[in-house]
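Novice: sequence and computational prediction follow.
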Amino acid sequence: MKEPKICILRVGGTNCDAETKAAVDDLGARSEILHLNKLMDDKLMSYDALIIPGGFSYGDHVRAGAVLGKKVSSALSKELKKFVEEERPILGICNGFQVLVESGLLPAFDGVSDYPQATLAINGSARYECRWVYLKHENRGKCIFTRELQKGQKIFMSVAHAEGRFVFPKEREEKYLQKLEKNDQLVFRYCNKRGIYADGRYPINPNGAFYDIAGICDSNGTVFGLMPHPERAYWGVQLPDWTGMKEAPKYADGRLIFESLVEYLKH
């Protein structure tokens with residue numbers, strides 16, 4: 001098995017890049033945290049996968065992920081197009097998800113779009129939400145980032161965002177939702193502890209996302225974005241109630257996302 005080489009992209013305002021590196025390195029990958037300016041010199045194709053971690057890139061000026069989304073689209077246009085065509089995985093976490101949507105890499109129903117087909121709007125609560133949430137796995141097998149999960153499986157991760165309300169244009173909601181489901185691009189929906197969908201109810205759905213959507217992939221299953229932070233739910237000692245446990249587990253549910261990616265790359 002080869003040792004996967006993963007690029008973790010950062011710019012001003014990025015955070016969680018160190019935690020993301022620790023997670024993928026723990027699984028046997030070789031990752032590098034690289035500033036966008038250093039990735040512009042035809043370096044992207046030297047990596048097997050790209051991760052855009054969470055944070056507040058460029059201070060979320062204009063709207064979350066908008067500036068970095070446009071910079072990525074323009075600075076890496078040819079390399080990024082080839083990267084996607086070769087089905088090299090791209091993972092966007094929180095702010096990274098916002099970037100993927102803003103750059104047209106998600107949902108990308110018919111390939112990378114020249115304009116955003118969705119947006120991650122201000123939370124319905126109109127405030128920053130930092131809490132642990134339950135997610136239900138909806139994917140039927142296309143998404144390479146959830147291969148370690150069963151369909152219908154419930155997992156526990158944390159969110160930390162002010163603009164995580166996934167929405168489509170109102171006039172295209174039903175059409176685009178049908179495409180997500182038909183193409184097996186729907187990956188995670190918010191649910192409660194028993195696995196019952198939030199149905200928009202706060203705080204089970206922490207941001208008011210349409211159809212309780214917490215994560216989607218592209219039509220190939222190799223580009224994936226989600227609002228919750230798997231790197232903040234990688235180790236058992238990151239769980240919110242671990243101090244009350246008789247014995248904390250070594251790992252938490254977020255590990256499944258990175259494990260799926262690394263195992264896919266190794267084979």
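Specialist: Received it, and whenever you're ready, just let me know what you need.

Novice: following the helix or strand hosting residue 7, which helix or strand shows up next?
Specialist: Here residue 7, judged by DSSP states H and E, is contained in strand 5-10. Next along the chain after strand 5-10, taking DSSP H and E as the criterion, comes helix 17-26.

Novice: all strands of the stretch 151-267 of the chain, in order?
Specialist: 154-161, 165-167, 186-191, 213-217, 223-226 (DSSP state E, counting those that start in this stretch).

Novice: could you confirm residue 69 falls within a strand?
Specialist: No. Secondary structure of residue 69 (DSSP: H, G, I helix; E, B strand; the rest coil): helix, not part of a strand.

Novice: pLDDT at it, what is it?
Specialist: On pLDDT, residue 69 comes in at 93.

Novice: turn the strands of the stretch 151-267 of the chain into CSV, columns for mean pLDDT.
Specialist: Shown next, in CSV, are the strands of the stretch 151-267 of the chain (pLDDT from 0 to 100):
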stretch, mean pLDDT
strand 154-161, 98
strand 165-167, 98
strand 186-191, 98
strand 213-217, 98
strand 223-226, 98
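
Novice: so which of those strands gets nearest residue 237?
Specialist: strand 154-161 (13.4 Å; Cβ to Cβ). For glycine as for every other residue, the C-beta is placed from the backbone atoms N, C-alpha and C.

Novice: which of the residues in the closest one are buried?
Specialist: For strand 154-161, a neighbour-count test (16 or more other Cβ atoms under 10 Å) marks 154, 155, 156, 157, 158, 159, 160, 161 as buried.

Novice: same question for stretch 185-198.
Specialist: 185, 186, 187, 188, 189, 190, 191, 192, 197, 198.

Novice: show me the contacts for residue 2.
Specialist: In this structure, residue 2 makes contact with 265, 266, judged by Cβ atoms under 8 Å, 6 or more residues apart in numbering.

Novice: helix or strand: which one has it?
Specialist: According to DSSP H and E, residue 2 maps onto no helix or strand at all.

Novice: give the contact list for residue 253.
Specialist: Taking Cβ under 8 Å, 6+ apart as the test, what residue 253 contacts is 155, 156, 157, 230, 233.

Novice: just the pLDDT for it.
Specialist: Reported pLDDT for residue 253: 98.

Novice: how far off centre is stretch 208-219?
Specialist: Relative to the chain's own centre, stretch 208-219 is displaced by 10 Å; criterion: Cα atoms, centre = their mean, to the nearest Å.

Novice: what is the residue lying closest to residue 240 once chain neighbours are set aside paired to in the beta sheet?
Specialist: Of all residues not flanking residue 240 in the chain, residue 132 sits nearest, at 5.3 Å (Cβ to Cβ, 6 or more residues apart in numbering). Beta-bridge partners of residue 132, counted by DSSP bridges, are residue 158.

Novice: show me the two of the buried residues of stretch 185-198 that sit farthest apart.
Specialist: Between any two of these, the greatest separation by Cβ to Cβ is 23.7 Å, found for 185 and 192.

Novice: follow-up on the earlier one: nearest to residue 58, of the strands of the stretch 151-267 of the chain?
Specialist: Nearest of the strands of the stretch 151-267 of the chain (Cβ to Cβ): strand 154-161, 15.6 Å.

Novice: what's in contact with the closest one?
Specialist: Strand 154-161 is contacted by residues 54, 64, 94-95, 123, 128-137, 149, 191, 193, 195, 206-207, 227-230, 232-233, 239-240, 252-254, 256 when judged by Cβ under 8 Å, 6+ apart.
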